[in-house]
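Visitor: Any chance you can model this:
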Amino acid sequence: MEGGQQGLQLAIWEAVNQIAEQEAAKIGKTVSNEFVASLADVVYKQAEIMATDLESFARHGKRSTISMEDVKLCARRNESLYELICQSATEISRKQSRRK
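Guide: Now for the predicted structure:
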């Protein structure tokens, strides 16, 4: 399992690094490896917390599968994230309807 976690952490670091470099370039700045590492660590830890919460919401609902409603519930305190998730959920639902 350790290798899986390291792979996930590396993937998060790479994504954070790419986004940080793009955003920094827009304003004529650069980002240090230390900054990227710190931010990637925050993202990883937040994902761990969210995963635990999602598992708890599903378990509370006596389900073994995490639902979109669980994800929305997890994001309820962050209005912009909640709106983004709701938009994504609507789009996913729309695509699934077309396939039927």
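Visitor: how distant is the one helix or strand residue 16 maps to from the center of its chain?
Guide: Counting by DSSP states H and E, the element that carries residue 16 is helix 2-26. Going by Cα atoms, centre = their mean, to the nearest Å, the spacing between the C-alpha centre of helix 2-26 and its chain's C-alpha centre is 12 Å.
Visitor: so what secondary structure elements neighbour that helix?
Guide: Applying 3 or more Cβ pairs under 8 Å, 6 or more residues apart in numbering; DSSP states H and E, one finds that helix 2-26 contacts helix 33-60. Bear in mind the C-beta positions are built from the backbone N, C-alpha and C, glycine included.
Visitor: Report the buried residues of the helix it packs on.
Guide: The neighbour-count check on helix 33-60 (16 or more other Cβ atoms under 10 Å) flags 36, 39, 40, 43, 44, 53, 54, 57, 58 as buried.
Visitor: Distance from the chain centre to it, please.
Guide: Its chain's C-alpha centre and that of helix 33-60 lie 8 Å apart, by Cα atoms, centre = their mean.
Visitor: Next, the angle helix 2-26 makes with that helix.
Guide: On the basis of axes from the mean of the first three to the mean of the last three Cα atoms, to 10 degrees, helix 33-60 is oriented at 120 degrees to helix 2-26.
Visitor: Which neighbouring elements make contact with helix 33-60?
Guide: helix 2-26, helix 68-74.
Visitor: deepest of these, which one?
Guide: Ranked by mean neighbour count, the helices and strands packed on helix 33-60 are led by helix 68-74 with a mean of 17 (mean count of other Cβ atoms under 10 Å).
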